[in-house]
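Chemist: Dropping the sequence and predicted coords here.
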Amino acid sequence: MTTVVVIPGDGVGPEVTDQAVHVLATLGLGLDLDVLDQVNADRFLRTGVAMTDDEMERARSAGAVLFGAVGDPKVPDPSYARDVLLRLRFELDLYVNHRPAALLADRLSPLRDPALRALDCVVVRENTEGAYAGVGGVLREHTPYELALDGDISTAYGVTRVLEYAFAIARRSVCLVDKANAVPFGGGLWQRRWSEVSAAHPDVGTSHLYVDAAAMRLIQNPTAFDVIVTNNSYGDILSDVTAALAGGPGTAASANLNPRHGVGLFEPVHGSAPDIAGTGRANPVGSVLSAALLLDHLGHGAEADALRAAVRATVAAGTCTPDLGGESSTKEVGAAITAEVG
């Protein structure tokens with residue numbers, strides 16, 4: 001039996017994760033769900049503990065982790081979120097952030113031209129280096145002469161392995177996105193590794209765009225892209241652009257992966273959304289589609305496809321939360337998806 005650790009987290013996380021768990025149970029795959037519902041802001045406020053070593057080990061030993069959201073306005077300390085989500089990403093070396101984006105229904109696209117709406121691409125974001133690696137510091141803090149420095153880290157090892165993953169999943173093409181004209185050292189490293197890795201895949205189309213041009217091109221014609229590969233910070237931004245083009249952040253799923261040792265963490269990208277927590281308005285689609293990615297990861301491809309089809313059918317029928325123009329609650333949307341699966 002495969003163990004899946006479930007971390008509902010904060011805000012709307014428990015609400016949307018609950019619906020994803022219900023749908024998974026409907027599939028009858030015999031997954032053993034290990035729910036760590038004590039990993040949340042309330043415990044951190046009481047004890048100062050974000051995630052214990054035992055909880056971390058349970059996540060490390062599981063086949064996969066289904067994650068809700070982390071963050072609460074009652075906790076201004078940024079170390080809380082770092083010690084949960086970033087700890088999982090870094091200690092498990094989840095170097096790929098895999099963000100698929102596919103338009104669920106034509107009416108959800110913000111683009112005027114119907115011929116350009118059919119977005120279906122993946123943003124592959126390097127997940128353990130870049131500007132989010134936490135390298136830097138502050139001198140003369142809280143003075144008029146304060147100096148703040150954040151390092152943007154790229155290594156040949158880290159860049160090569162994420163490029164190799166991008167080519168491994170490509171259906172037709174890979175587009176490298178960087179800013180090598182303005183960031184020459186890290187950009188130059190990406191360019192050199194790109195030349196070598198792409199040469200080993202002559203059957204895959206390739207292209208290169210600077211990040212500003214890539215953002216513009218996504219808006220002009222998102223159908224031009226199959227796989228986009230880029231660094232941590234650019235991938236963070238561009239994957240939010242693709243989420244907006246696919247229907248909004250409530251529909252966006254992600255996988256944090258290490259294809260070399262098989263660990264995966266799966267989460268919707270909308271965050272804890274504390275302003276709507278407890279109102280029943282949170283969209284569970286991102287969490288359900290994250291569960292579909294989890295099933296892909298565990299080798300249940302047919303069930304994952306059934307889950308995605310159920311989401312599309314539910315959205316097409318108009319059973320949606322308010323962010324997608326509907327009037328249904330979180331639970332009602334989850335029940336409709338479950339019924340479609342059943």
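Modeler: Yep, that arrived.
Chemist: switch to C-alpha atoms for all contacts and neighbour counts from now on
Modeler: OK.
Chemist: Now stretch 238-257: average pLDDT?
Modeler: Averaged over stretch 238-257, pLDDT sits at 96.
Chemist: That stretch: end-to-end distance?
Modeler: This stretch, stretch 238-257, spans 19 Å end to end (Cα to Cα, to the nearest Å).
Chemist: Run through the helices of the chain in chain order.
Modeler: Along the chain, the stretches classed as helices by DSSP state H are 13-26, 41-47, 53-61, 79-81, 87-91, 156-169, 184-199, 211-220, 232-246, 285-297, 301-316, 330-341.
Chemist: pLDDT on the first one, on average?
Modeler: Per-region confidence: helix 13-26 scores 96 on mean pLDDT.
Chemist: Tell me which of the helices of the chain is the most buried.
Modeler: Most buried of these, by mean neighbour count (mean count of other Cα atoms under 10 Å): helix 285-297, with a mean of 26.
Chemist: Save the helices of the chain as CSV, and put in distance to Pro144 too.
Modeler: Converted to CSV, these look like this (distance: least, Cα to Cα, whole Å):
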stretch, distance to Pro144
helix 13-26, 40
helix 41-47, 33
helix 53-61, 41
helix 79-81, 26
helix 87-91, 34
helix 156-169, 37
helix 184-199, 30
helix 211-220, 33
helix 232-246, 28
helix 285-297, 44
helix 301-316, 53
helix 330-341, 49
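Chemist: what about the ones you listed, which gets the closest to Arg112?
Modeler: helix 211-220 (10.3 Å; Cα to Cα).
Chemist: Show me what the closest one is in contact with.
Modeler: Under the criterion Cα atoms under 8 Å, 6 or more residues apart in numbering, residues Leu111, Leu116, Val177, Asp178, Lys179, Ala224, Phe225, Tyr234, Leu238, Val241, Thr242, Leu245 lie in contact with helix 211-220.
Chemist: Apart from its neighbours in sequence, what residue is nearest the residue nearest the centre of the chain?
Modeler: Centroid-nearest residue in the chain: Ser254, 2.8 Å away (criterion: Cα atoms, centre = their mean). Take Ser254 and drop its neighbours on the chain: the residue closest to it by Cα to Cα, 6 or more residues apart in numbering is Arg99, 4.7 Å away.
Chemist: Tell me the confidence at the one you found?
Modeler: 98.
Chemist: so it touches Pro249, yeah?
Modeler: No: look at Arg99 against Pro249 with Cα atoms under 8 Å: they stay out of range, at 11.6 Å.
Chemist: Glu194 is in contact with Glu164, isn't it?
Modeler: You called it Glu, but residue 194 is Trp. No: applying Cα under 8 Å, one finds Trp194 not in contact with Glu164, separated by 9.3 Å.
Chemist: so where's the chain uncertain?
Modeler: The model of the chain has no residue with pLDDT under 70.
Chemist: domains for it, by residue range?
Modeler: 1-94+252-342, 110-246 (automatic domain parsing).
Chemist: And for Gly278, the neighbour number?
Modeler: For Gly278, the count of nearby residues is 13 (other Cα atoms under 10 Å).
Chemist: I'd like the distance between the nearest residue to it once chain neighbours are set aside and Ala310.
Modeler: In space, Gly278 comes closest to Val12 once its chain neighbours are excluded; the distance is 7.0 Å by Cα to Cα, 6+ apart. As judged by Cα to Cα, Val12 and Ala310 stand 22 Å apart.
Chemist: show me what contacts the residue nearest to the centre of the chain?
Modeler: Ser254 neighbours (Cα under 8 Å, 6+ apart): Asn97, His98, Arg99, Pro100, Phe266, Glu267, Pro268, Val269, Ser290, Leu293.
Chemist: what two of those residues have the greatest distance between them?
Modeler: Farthest pair in the contacts of Ser254, by Cα to Cα: Val269 and Leu293, 13.2 Å.
Chemist: Can you report how many residues neighbour Leu116?
Modeler: Neighbours around Leu116, by other Cα under 10 Å: 15.
Chemist: Next one: it from Leu245, what distance?
Modeler: Relative to Leu245, and taking Cα to Cα, Leu116 is found at 10 Å.
Chemist: before we move on, what about Ile337?
Modeler: Relative to Leu245, and taking Cα to Cα, Ile337 is found at 22 Å.
Chemist: ok, now which residue in this structure is the farthest from the centroid?
Modeler: Farthest out in the chain is Pro144, which, by Cα atoms, centre = their mean, sits 38.4 Å from the centre.
Chemist: Would you list the phi and psi of that one?
Modeler: Reported as degrees, to the nearest 10, the phi and psi values for Pro144 are phi -60, psi -10.
Chemist: Can you name the residues in contact with stretch 129-143?
Modeler: Contacts for stretch 129-143 (Cα under 8 Å, 6+ apart): 146-155, 158, 231-233.
Chemist: I figured Asp34 hits Val21, correct?
Modeler: No: contact between Asp34 and Val21 fails when scored by Cα under 8 Å: they sit 11.2 Å apart.
Chemist: do you know how far Phe266 is from Asp42?
Modeler: 23 Å.
Chemist: swap in Arg308?
Modeler: In terms of Cα to Cα, Arg308 sits 33 Å off from Asp42.
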